[in-house]
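Provided below for reference: sequence and predicted model.
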Amino acid sequence: MLSLPKPKALVIRESKIVHKSRIIHALARFVTEEAVCLMFNIQLEDIYVVECWRYMVYVHAKGVSKFVSYADFPPIVGVKPPTPTEMLKWRKRWRKQSIAAYRKQAPKWWAEFFAYEFWQAFSEPTLHSWAELVELIKFAFNEETLQTLQEELLSGLVSS
């Protein structure tokens, strides 16, 4: 699980994300180490390398050696927002989930990812950017999860 550093603390570290292809996948802009940590329930220190190939992402970490789809990564702020075509790629990916109740929704760890990013926001405008992004992809969450994210957002606004 991703350990939560002190909220609002600036952490500068060397990126472990490496692009191995001359052609960059459109969804590569959403690949983050934090998402990898939540996806595989590991710590940041456990990641050796995250290689972005043309069609897949290879994650090599302590106890993890897997290829994952670009469509497994949630969107982030600071890069171009997701397009309708990219949203369709997510939906197509979610339909492959084994549990029928989750075939129309993002994986549960996406909500944890957004809550983590709310707490890491350094300023109110950044927090609002995250809120706008969640509003843009609210189709990815059920009502209960969306409500929880909105509460997390409000608590982040109060503490900033």
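Everything's here; your move.

can we go C-alpha only for contacts and neighbour counts from here?
OK.

which helices and strands does the helix or strand harbouring F67 pack with?
Secondary-structure assignment from DSSP states H and E places F67 in strand 64-69. Here strand 64-69 touches strand 56-61, going by 3 or more C-alpha pairs under 8 Å, 6 or more residues apart in numbering; DSSP states H and E.

Now the strand it packs on: average pLDDT?
Here strand 56-61 scores 97 as its mean pLDDT.

ok, and what's touching the strand holding F67?
Identification of contacts with strand 64-69 by C-alpha atoms under 8 Å, 6 or more residues apart in numbering yields F40, Y55, M56, V57, Y58, V59, H60.

shaky segments in the chain?
1-12, 101-102, 156-160 (pLDDT under 70).

At the geometric centre of it, which residue sits there?
Closest residue to the average C-alpha location of the chain: P74 at 3.6 Å, with C-alpha atoms, centre = their mean.

for it, what are its contacts?
Applying C-alpha under 8 Å, 6+ apart, we find P74 in contact with F30, V31, A35, W110.

Filter these down to the buried ones and hand me the PyMOL line.
PyMOL command restricting the contacts of P74 to the buried ones, with burial defined by 16 or more other C-alpha atoms under 10 Å:
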select buried, resi 30+31+35+110
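
Redo the contacts of P74 as TSV? Include secondary structure and distance to K89.
Shown next, in TSV, are the contacts of P74 (DSSP: H, G, I helix; E, B strand; the rest coil; distance: C-alpha to C-alpha, whole Å):
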residue	secondary structure	distance to K89
F30	helix	13
V31	coil	15
A35	helix	18
W110	helix	16
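
With distance to S69 added, can I get the contacts of P74 in JSON lines?
Shown next, in JSON lines, are the contacts of P74 (distance: C-alpha to C-alpha, whole Å):
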{"residue": "F30", "distance to S69": "11"}
{"residue": "V31", "distance to S69": "10"}
{"residue": "A35", "distance to S69": "13"}
{"residue": "W110", "distance to S69": "15"}
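
Now flag whichever of the contacts of P74 is closest to T85.
The closest of the contacts of P74 to T85 turns out to be F30 (C-alpha to C-alpha; 14.7 Å).

Give me the buried stretch members for stretch 92-101, please.
Residues of stretch 92-101 classed as buried by neighbour count (16+ other C-alpha under 10 Å): R93, W94, R95.
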